[in-house]
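S.K.: dropping a prediction and its sequence here:
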Amino acid sequence: MVWKDGGPVLGIIGGGGISNLSGLEGARWETTVSPFGMPSDQLLYGTFNGQRLVFLPRHGRGHRLPPSDVNYRANIDVLKRAGATEIISVSAVGSLREDLPPGSLVIVDQFIDRTSGRANSFFTAGMAAHVSMATPVCPRLCDALEAGARAAGVPIRRGATLLVIDGPQFSTRAESNLYRQWGCDLLGMSNMPEAKLAREAELCYAALVTVTDYDSWHPEHEQLTAEALLQVYEANAARGRQVLTATIGALGERSGPCRHGCQWALDHALITRLDQRDPDALEKLDAVAGRLLGT
């Protein structure tokens with residue numbers, strides 16, 4: 001199944017609880033193949049109040065993949081192949097600020113990428129490109145999330161810098177305090193290179209995160225456990241679904257292309273000369289960059 005008519009299709013990347021969105025009609029899991037390898041799971045297609053959705057559990061159903069084993073390129077590629085025009089990413093993070101306690105919901109607007117060893121671009125040898133990441137999220141999608149939270153009566157913070165590490169271990173106290181000195185607000189393991197790849201795929205992208213802990217810098221929360229984090233995450237899940245439900249309604253009122261130009265991100269990014277472009281590389285880019293490459 002692929003949404004093909006060119007209309008808006010909302011992609012959602014997140015935890016398994018999103019698939020339980022009340023009111024999701026025609027829900028159907030289907031396999032989509034990517035030339036970049038295996039995505040985290042099948043895609044869940046459905047409609048919600050007339051809005052077409054496609055959902056991908058980032059860590060697979062049952063959370064079987066740690067952050068550094070997620071194939072971020074395949075995930076974004078299959079969402080693009082499925083017809084997604086925009087992505088809302090939902091993830092759990094730690095807080096580096098006293099005023100963002102566990103239970104907070106935040107709309108991220110900046111990232112610092114401290115990951116390593118993750119394939120972070122679709123454009124490799126044979127086809128080079130450089131996209132701008134100055135504004136790494138789509139303001140229009142962030143507006144919709146903020147409006148959705150307001151309509152649902154759910155408190156939310158708009159604007160924060162999320163530092164992304166490899167994990168799966170939590171940070172040391174020294175690292176946690178260093179990130180605070182850098183002015184970071186949040187610490188996570190999942191949104192990079194996801195946001196970079198979404199930009200390369202010319203997809204609008206926004207990150208809704210739920211705070212589960214204070215990381216190790218806080219003297220009263222330095223011993224983090226997976227069990228404690230999951231308890232807070234589950235408590236946040238219902239409010240996250242409320243925000244998504246209201247946001248989908250707000251997005252249903254949009255029309256025309258994104259005014260911020262997310263869908264034209266590659267217009268001035270491709271730099272490899274025509275006679276030097278590798279046919280094999282171009283073939284893999286048929287979904288991501290076929291608009292410009294003619295594949």
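M.R.: That came in fine, so what should we check first? Predicted model only: the values in this text are computed from it and were never measured.
S.K.: name whatever forms a beta bridge with the nearest residue to Gly23 once chain neighbours are set aside.
M.R.: Nearest in space to Gly23, with sequence neighbours left out and distances taken as C-beta to C-beta, 6 or more residues apart in numbering, is Phe48 at 5.7 Å. Every residue, glycine included, has its C-beta placed from N, CA and C. Phe48 has the following beta-bridge partners by DSSP bridges: Gln51.
S.K.: how many residues are close by Phe48?
M.R.: As a burial measure, the neighbour count of Phe48 was computed by other C-beta atoms under 10 Å and equals 20.
S.K.: got the contact list for it?
M.R.: Leu21, Gly23, Leu24, Glu25, Thr245, Ile248 (C-beta atoms under 8 Å, 6 or more residues apart in numbering).
S.K.: redo that, cut-off 10 Å
M.R.: 10, 21-27, 244-245, 248-249, 252 (C-beta atoms under 10 Å, 6 or more residues apart in numbering).
S.K.: next, format those as a markdown table and append neighbour count.
M.R.: Formatted as a markdown table, these follow (neighbours: other C-beta atoms under 10 Å):
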| residue | neighbour count |
| --- | --- |
| Leu10 | 24 |
| Leu21 | 18 |
| Ser22 | 7 |
| Gly23 | 10 |
| Leu24 | 19 |
| Glu25 | 10 |
| Gly26 | 11 |
| Ala27 | 15 |
| Leu244 | 24 |
| Thr245 | 18 |
| Ile248 | 23 |
| Gly249 | 18 |
| Gly252 | 15 |
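S.K.: which of the residues you listed fall in helices?
M.R.: Secondary structure assignment by DSSP state H places Leu244, Thr245, Ile248, Gly249 of these in helices.
S.K.: so where do the helices sit in the stretch 101-250 of the chain?
M.R.: Along the stretch 101-250 of the chain, counting by DSSP state H, counting those that start in this stretch, helices occupy 139-152, 173-181, 194-200, 226-251.
S.K.: list the buried ones in the first one?
M.R.: Looking back up the chat, that one is helix 139-152. For helix 139-152, burial by neighbour count (16 or more other C-beta atoms under 10 Å) applies to Arg140, Leu141, Cys142, Asp143, Ala144, Leu145, Glu146, Ala147, Gly148, Ala149, Ala152.
S.K.: can you give me the pLDDT of Gly15?
M.R.: Among the per-residue scores, Gly15 holds a pLDDT of 72.
S.K.: please apply the same query to Gly188.
M.R.: Looking at Gly188, its pLDDT stands at 97.
S.K.: likewise for Ala226?
M.R.: At Ala226, the predicted lDDT confidence score is 61.
S.K.: burial check on Asp69, number of neighbours?
M.R.: Neighbourhood size, Asp69 [other C-beta under 10 Å]: 12.
S.K.: now it: phi and psi?
M.R.: When read as degrees, to the nearest 10, the backbone of Asp69 gives phi -100, psi 0.
S.K.: against Asp143, how distant is it?
M.R.: Relative to Asp143, Asp69 is positioned 33 Å away (C-beta to C-beta, to the nearest Å).
S.K.: ditto for Gly294
M.R.: Taking C-beta to C-beta as the criterion, Gly294 is separated from Asp143 by 34 Å.
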